[in-house]
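Asks: can you look at this prediction? I've put the sequence above it.
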Amino acid sequence: MSENPTRLSPAARLSRWLKNVASAARARRQAAEKRNLHLGNEHSEPVANAGSASAAVFRLPVKWLVSGPPFIFLLLFFVAPGLIMVLASFRYPGEFGGLAPVISVDPNALHGLTLETYGFFFSDLIYAEIFAKSFLVALAATLTCLVMAYPLALLIARSPKKSRDPMVLLVILPFASNFLIRIYAWMILLGPQAVPSLLVNGLLGTLGMAPVHLLFSPFAVLVALVYVHLPFMVLPLYTNLEKHDPVLLDAARDLGANAWQRFWRVTFPLSLPGIFSGATLVFIPVLGMFAIPDILGGTGDMLIGNLIKEQFLGTRDWPFGSTLSIMLTITVLACVWLAARLGGMGRRHA
Amino acid sequence: MRRGFWLWVAALAAYAFLYLPLLIVIIYSFNDSRLNAEWVGFTWHWYNVLLHDKDMLAAAGNSLLIALASSLIATLIGTMAGIAMYRYKMRVLTFMVMTPVAMPEILLGVSLLLFFIQVLNLTLGMLSIVLAHITFSIGFVAIVVRTSLAGLDESLFEAARDCGASPWETFRHITFPLILPSVIAGGLMAFTLSLDDFVITFFTAGVGVSTLPLRIYSMIKIAVTPEVNAVSTLLMLLTLTMIVLVSRIAPNVLRWRA
């Protein structure tokens, strides 16, 4: 910084321009001019900028000063907890819940590392079943979101430029209200005294069938899952659809394609990357969801998230809870990888 | 023409689906009945109940304190992360920043629970909640800051360099004023996220401390009363205010970018 001509600290002046006061003054005048213009021009002396030399010296410490704190914080509170969880999945459960020690002075006490929890996970079909069910629920929620989001995203993308931003904002706005409030809203709406319940049960009654409970059912879980995640599908889809060149549709029309063909042969294939990024944003959070089945589901509507929560806060079998979390992580990573592959393929087609 | 019509119908149905439930929550918060079933008459009763609910007020106080502390620290660290991600293209850091945002929240929640108890030997409470909230907020701030940096004109920095500004001066006088709106917007986002978070707080709160979402959760698990509607309505009002604030400070943040 001391070599910086615009600052012209006494030290800089001494070191640089002691021998030639006249040129120092000229440089100063030019620097002042440039400063006023906020810009250098073709007449500016390129070498007057010693920044490059000092930057080379300063770059390394600055780099670590800037990236160090986030790096250390996340290493401590994101990477380390993740590794601890991997380790925990190989440990024995403690006598009173929690974890048994890895090293113990008492050789009779349960300690050390084991593959037992993984064996347990694969030995009982019920866990594979819950994973499969969560997978299906997530798939159903994703597809429902897609069907609901597509017309909306298409409409916004084809609206006049001016009205697009407010329309997008209208999609984001409800998702800014608290997550629990949005679930709670469906507790009211699907309650036995509310209109949807009365309508459905009235209809079932006239057909001579027994009334059903909408609340605390898989249906309620699905509706809330879709409700909470819909914006995540609309936004990437809209971003994709907005970029489509309308000329393509005109060309398809000129070639004799009807509206149906134009959609399935042009718009839909082009929107595949948007669909896949939206699907990832819906599918992954749904896989780990525990609050919605917990609040709106019945006893049979347990998903992976509920199982994990139960292990950590209910039965306090931490090793098994960790194992389940690791399995969930692996599932999520596989889905991300798959979506990236499929989305990439869609892009190549387009 | 007919196709446009059906598009409108489907889109309006989607909008109705998004807004109807929240509207009902708000309407019933003024309903003079214990049940959220039919409209009886207008009342402020539930807001009055809310104002005298000591547990709820304490939880709200905790929530605000946690949100304030965690968003301030997350803004600082997240801004650094955003700059580092943009400037140095550090892959490992980018991975560490983005993954907590993309993962199911429950995974971060339980791993932090394990870590706090097993490694740090920390009694779960305010501190553990704040640390957990910082962890998941950093990513959001960093993404906002990086997006704003990527939108800046590179020639501004070159011009500053040509004028003899040192890297620090360039940052202090050029870069920082330009990204400041995004930094503030990121901070407000972190504040809102912290105020709203349920899942991660659920695992890192322990038994002693309650926050607003935790309180709402235990209320709706026990019984549905219009007091929940009242607190929900107030919370929505608060979030709405935050959004208006963010959109005023940095209009670009709300514009969706993939």
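Replies: Received the coordinates, thanks.
Asks: with adjacent residues omitted, what lies nearest to B:Ala67?
Replies: Spatial nearest neighbour of B:Ala67, chain neighbours left out: B:Ser194 (4.0 Å); criterion: C-beta to C-beta, 6 or more residues apart in numbering or on different chains. (Each C-beta comes from the backbone N, C-alpha and C, glycine too.)
Asks: how close does the one you found get to B:Gly187?
Replies: Distance of B:Ser194 to B:Gly187, computed by C-beta to C-beta, to the nearest Å: 11 Å.
Asks: likewise B:Arg161?
Replies: 29 Å.
Asks: next, count neighbours for the closest residue to A:Ala257 other than its chain neighbours.
Replies: Of all residues not flanking A:Ala257 in the chain, A:Arg265 sits nearest, at 6.4 Å (C-beta to C-beta, 6+ apart). Using other C-beta atoms under 10 Å in any protein chain shown, A:Arg265 has 13 neighbouring residues.
Asks: average model confidence for the helix or strand containing B:Leu65?
Replies: Element membership for B:Leu65 (DSSP states H and E) is helix B:54-88. Average pLDDT, helix B:54-88: 89.
Asks: quick one: secondary structure of the residue nearest to A:Ala257?
Replies: What DSSP: H, G, I helix; E, B strand; the rest coil gives for A:Arg265 is helix.
Asks: wait, what's in contact with the closest residue to chain A within the stretch 51-200 of chain B?
Replies: Relative to chain A, the nearest point of the stretch 51-200 of chain B is B:Pro104 (2.4 Å; C-beta to the nearest C-beta). B:Pro104 is in contact with A:Ile284, A:Pro285, A:Leu287, A:Gly288, A:Met289, A:Gly305, A:Leu328, A:Val332, counting by C-beta atoms under 8 Å, 6 or more residues apart in numbering or on different chains.
Asks: can I take it that the fifth one is in a strand?
Replies: By that I understand A:Met289. No: counting by three-state DSSP, A:Met289 falls outside a strand, being coil.
Asks: now the closest residue to it other than its chain neighbours: which helix or strand?
Replies: Nearest non-adjacent residue to A:Met289, counting by C-beta to C-beta, 6+ apart: A:Gly305, 5.0 Å away. Using DSSP H and E, A:Gly305 sits in helix A:304-309.
Asks: quick one, strands of the stretch 201-350 of chain A?
Replies: Counting by DSSP state E, counting those that start in this stretch, the stretch 201-350 of chain A has no strands at all.
Asks: show me what from the stretch 151-258 of chain B comes close to chain A.
Replies: Proximity of the stretch 151-258 of chain B to chain A is confined to B:159, B:161-169, B:192, B:196, B:198-199, B:203, B:213, B:216-217, B:220-221, B:224, B:228, B:232, B:235-236, B:239-240, B:242-243, B:247, B:254-258 under the rule C-beta under 8 Å from any C-beta of the partner chain.
Asks: now do 7 Å
Replies: Counting by C-beta under 7 Å from any C-beta of the partner chain, the stretch 151-258 of chain B comes close to chain A at B:159, B:161-167, B:196, B:198-199, B:203, B:213, B:216-217, B:220-221, B:224, B:228, B:232, B:235-236, B:239, B:243, B:254-256, B:258.
Asks: does B:Gly125 touch B:Ser210 like I think?
Replies: No: contact criterion C-beta atoms under 7 Å: B:Gly125 and B:Ser210 do not qualify, at 10.6 Å.
Asks: so where's the chain shaky on pLDDT?
Replies: Answering for chain A, as no chain was given. In the predicted model of chain A, residues A:1-60, A:96-97, A:104-105, A:107-109, A:343-350 satisfy pLDDT under 70.
Asks: wait, chain B was what I had in mind.
Replies: In chain B (pLDDT under 70), the answer is B:1-3, B:36-37, B:250-258.
Asks: at the geometric centre of it, which residue do we find?
Replies: Nearest to the geometric centre of chain B sits B:Leu193, at 1.6 Å (C-alpha atoms, centre = their mean).
Asks: quick one: contacts for the nearest residue to that residue once chain neighbours are set aside?
Replies: Distance criterion C-beta to C-beta, 6+ apart; nearest residue to B:Leu193, sequence neighbours excluded, is B:Ser137 at 5.7 Å. Applying C-beta atoms under 7 Å, 6 or more residues apart in numbering or on different chains, we find B:Ser137 in contact with B:Ser70, B:Ser71, B:Ala74, B:Gly78, B:Ala190, B:Leu193, B:Ser194.
Asks: show me what residue of the stretch 251-350 of chain A gets nearest to chain B.
Replies: A:Gly288 (2.4 Å).
Asks: what's the closest non-adjacent residue to that residue?
Replies: Spatial nearest neighbour of A:Gly288, chain neighbours left out: B:Pro104 (2.4 Å); criterion: C-beta to C-beta, 6+ apart.
Asks: measure that neighbour to A:Phe131 for me?
Replies: B:Pro104 sits 13 Å away from A:Phe131, going by C-beta to C-beta.
Asks: now swap in A:Lys162 and tell me
Replies: Distance from A:Lys162 to A:Phe131, counting by C-beta to C-beta: 47 Å.
Asks: so what's the residue count around B:Leu240?
Replies: 13.
Asks: same check, this time on the one 4 residues further on
Replies: The tally of other residues near B:Val244 (other C-beta under 10 Å) stands at 10.
Asks: can you check A:Ile183 too?
Replies: By other C-beta under 10 Å, 25 other residues sit near A:Ile183.
Asks: the helix holding B:Leu65: which residues count as buried?
Replies: Neighbour counts over helix B:54-88 (16 or more other C-beta atoms under 10 Å in any protein chain shown) mark B:56, B:59-60, B:62-64, B:66-67, B:69-71, B:73-88 as buried.
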